[in-house]
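Engineer: I'd like to go over a predicted model; first the sequence, then the structure.
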Amino acid sequence: ACKVRSQIGDLTGLGKSLVYLALSYQNTGQYVKAQDAYLEAYQVNKQVGNKVKMAEAMQNTATLLNATGHYLEALEKLEIALELRKELNDPVKIGNVLNEQGNVYASMRDYDQAIALYSESAEIMNSEGDLMGQANAYNNIGTMLDEVKRFSKAIEYYTRSLEISRQSSDYKGIGTALGNLGNSYYGLGEFEESERYQHQALSISREHDFYENEIHNLINLSNAQNALGKLDSAGYYCALGLDKAKKMDNPQLVWISTLNLGDNYEKKGDYQKAIEHYENALGIVEEIRLSLSGEEFRAEYMAVERFAFEGLIHLLGRLHLMDPLKGYDQKAFLYAERSKSRAFLDMLSDTLLPATMQEVQRSIPDDQSLVLEYFLGDSSSCLWVISQEKFDMFVLPGRQELADDIETLRFSLSQPENDNLPFF
């Protein structure tokens, strides 16, 4: 249809055909081809002066760019879409673009900016009585609450979103709300409830060909089943999600799937495969970091994605306790240094590498000095005590338990007149 319309000079029809083509590519996970079709549709509609279709093409392109980790390009396209919507004086569509901008900033982990944009969008949708817009806004606010671990409050917003989406028969909104409810219940440690919601969400994604949502559902379902000890089933769903993420060429979902598969292998006791998958995931995270322009975005991305290092360092710490002579402590040290040094290296040069254990030892001025290096994680932490001649690695509790102990110690030190020794 595109070829025929182009030959006869039917630009209006050509623009419509290109959008249908883009949607076909998008629904089958062929995001690069979908982007190309949307951009071509934008140029065609620009020729005929159709600002509505131009704005739609830019916004759809931005959605795909965000999904594949190209955040700054997505923001550029959304700025164009926003200006066009303002020229058209369409409040609901303006709210949609603001919401999409919030999604991009959320992907970049700039939550303050994301919340500001979601709130602005929600105000517009409520004043215009747009049900789908309201449901979307509630979903996004719930996501931000999940990020700060207010899971019960997030469930309230997701439930409201689910009710509104069912009212308007918005199946994508229904599936998204169900998946998010599953995530919140996972955060609360209610893994069976999480599994139930993820199964429901997955069914909707498959029934309506929501390709990207399906990958998220597969990843999150495998998380819940890993936690429940259903390791074979979890491994199957995770591997399936990884395969689909690779076909979609979505590096963000690829590394998350790879990391989850590493966790699955670790739980099965296949430690070498676990290490391999953790290292592969970190390699993809590093590629995404390098694709971001600007020191601030790079540092912020790595600061949040630092948990990607935690699984590997935690496993290497466990293996060191099981076999102290295999060098797992040095390998864990190297990854801990990498996780902490990225922001500093971004200010200097990407060609620099973090210090090895031997380099740290050579930098110690005398045999009376020690260097203490640490890595804080949610599940466990590590401490390295390093001298010129030797080093030791100690596996410690997670950051929250350590924080509680430190607060107790601070309280004791702040009241030296009291005898607190029995308390400890």
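Structural biologist: Cool, the structure landed. A quick note: this is a predicted structure, and the numbers were derived from the prediction, not measured.

Engineer: where along the chain do the strands fall?
Structural biologist: Counting by DSSP state E, the chain has strands at residues 371-375, 381-386, 391-396.

Engineer: packing partners of the first one?
Structural biologist: The criterion is 3 or more Cβ pairs under 8 Å, 6 or more residues apart in numbering; DSSP states H and E, and the helices and strands that strand 371-375 contacts are helix 328-348, helix 357-363, strand 381-386. From N, CA and C alone the C-beta is placed, and that goes for glycine too.

Engineer: for the second one, buried residues please.
Structural biologist: Within helix 357-363, the residues that qualify as buried by neighbour count (16 or more other Cβ atoms under 10 Å) are Met357, Val360, Gln361.

Engineer: hang on, isn't the last one packed against Ser387?
Structural biologist: Yes: when contacts are counted by Cβ atoms under 8 Å, Gln361 is listed as touching Ser387 (7.4 Å).

Engineer: what's the neighbour count on the closest residue to Val32 other than its chain neighbours?
Structural biologist: Of all residues not flanking Val32 in the chain, Asp249 sits nearest, at 6.3 Å (Cβ to Cβ, 6 or more residues apart in numbering). For Asp249, the number of neighbouring residues by other Cβ atoms under 10 Å comes to 15.

Engineer: over to Glu401?
Structural biologist: Other residues near Glu401 number 12, with proximity taken as other Cβ under 10 Å.

Engineer: for Lys77, same thing?
Structural biologist: Using other Cβ under 10 Å as the criterion, the residues surrounding Lys77 number 27.

Engineer: next one, pLDDT for it please.
Structural biologist: Per-residue confidence at Lys77 stands at 94 (pLDDT).

Engineer: what do you get for Ser379?
Structural biologist: Ser379 is given a pLDDT of 78.

Engineer: returning to that earlier point: looking at the strands of the chain, spot the one closest to Tyr71.
Structural biologist: Minimum separation from Tyr71 across the strands of the chain (Cβ to Cβ) falls at strand 371-375, 27.5 Å.

Engineer: now the angle from the closest one to strand 391-396?
Structural biologist: Here the directions of strand 371-375 and strand 391-396 differ by 40 degrees (axes from the mean of the first three to the mean of the last three Cα atoms, to 10 degrees).

Engineer: re earlier: packed most tightly, which of the strands of the chain would that be?
Structural biologist: Using mean count of other Cβ atoms under 10 Å, the stretch among the strands of the chain with the greatest mean number of neighbours is strand 381-386 (a mean of 19).

Engineer: ok, Gln400 - contacts?
Structural biologist: For Gln400, the contacting residues are Asp378, taking Cβ atoms under 8 Å, 6 or more residues apart in numbering as the criterion.

Engineer: any idea how far it lies from Leu376?
Structural biologist: As defined by Cβ to Cβ, to the nearest Å, Gln400 lies at a distance of 10 Å from Leu376.

Engineer: and Asn183, how many neighbours?
Structural biologist: Other residues within reach of Asn183 by the criterion other Cβ under 10 Å amount to 23.

Engineer: which residue sits closest to Lys331, ignoring its sequence neighbours?
Structural biologist: Nearest residue to Lys331, sequence neighbours excluded (Cβ to Cβ, 6+ apart): Leu316, at 5.4 Å.

Engineer: what's the burial count for the one you found?
Structural biologist: Close neighbours of Leu316, defined as other Cβ under 10 Å, add up to 26.

Engineer: let me know how buried Asp404 is, in neighbour terms.
Structural biologist: 11.

Engineer: kindly apply the preceding question to Trp255 instead.
Structural biologist: Around Trp255 there are 24 residues (other Cβ under 10 Å).

Engineer: do the same with the one 10 residues further on
Structural biologist: By other Cβ under 10 Å, the residues close to Tyr265 number 22.

Engineer: surely it touches Ala281?
Structural biologist: No: at 12.0 Å, Tyr265 and Ala281 do not qualify as touching, with contact defined as Cβ under 8 Å.

Engineer: how about the helices in the stretch 1-150 of the chain?
Structural biologist: Remark: helices assigned in the stretch 1-150 of the chain by DSSP state H, counting those that start in this stretch are 2-7, 11-27, 31-48, 51-67, 71-88, 91-107, 111-128, 131-147.

Engineer: want to throw those into CSV with distance to Cys238?
Structural biologist: Conversion of the helices of the stretch 1-150 of the chain to CSV gives the following (distance: least, Cβ to Cβ, whole Å):
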stretch, distance to Cys238
helix 2-7, 38
helix 11-27, 23
helix 31-48, 21
helix 51-67, 19
helix 71-88, 25
helix 91-107, 21
helix 111-128, 27
helix 131-147, 21
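
Engineer: which one of those helices lies closest to Ser165?
Structural biologist: Closest of these to Ser165 is helix 131-147, at 4.7 Å (criterion: Cβ to Cβ).

Engineer: now the angle from that closest one to helix 111-128?
Structural biologist: For helix 131-147 against helix 111-128, the angle by the same axes, to 10 degrees is 150 degrees.

Engineer: any idea of the mean pLDDT for helix 131-147?
Structural biologist: Averaging pLDDT along helix 131-147 gives 90.

Engineer: repeat that for stretch 16-33.
Structural biologist: Averaging the model's pLDDT scores along stretch 16-33 yields 72.

Engineer: just the CA trace of that stretch, in PDB.
Structural biologist: Provided in PDB are the C-alpha atoms of stretch 16-33 (Å, rounded to 0.1, in the frame of the first residue of the first chain):
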ATOM      1  CA  LYS A  16      -1.800   6.600   7.100                       C
ATOM      2  CA  SER A  17      -0.300   3.500   5.500                       C
ATOM      3  CA  LEU A  18       3.100   4.200   7.100                       C
ATOM      4  CA  VAL A  19       1.500   4.400  10.600                       C
ATOM      5  CA  TYR A  20      -0.200   1.000  10.000                       C
ATOM      6  CA  LEU A  21       3.100  -0.400   8.900                       C
ATOM      7  CA  ALA A  22       4.800   1.000  12.000                       C
ATOM      8  CA  LEU A  23       2.100  -0.400  14.300                       C
ATOM      9  CA  SER A  24       2.600  -3.800  12.700                       C
ATOM     10  CA  TYR A  25       6.300  -3.700  13.300                       C
ATOM     11  CA  GLN A  26       5.800  -2.400  16.900                       C
ATOM     12  CA  ASN A  27       3.300  -5.200  17.800                       C
ATOM     13  CA  THR A  28       5.800  -7.800  16.600                       C
ATOM     14  CA  GLY A  29       8.700  -6.300  18.600                       C
ATOM     15  CA  GLN A  30      10.500  -5.000  15.500                       C
ATOM     16  CA  TYR A  31      11.200  -1.600  17.100                       C
ATOM     17  CA  VAL A  32      13.900  -0.300  14.700                       C
ATOM     18  CA  LYS A  33      11.700  -0.800  11.700                       C
END
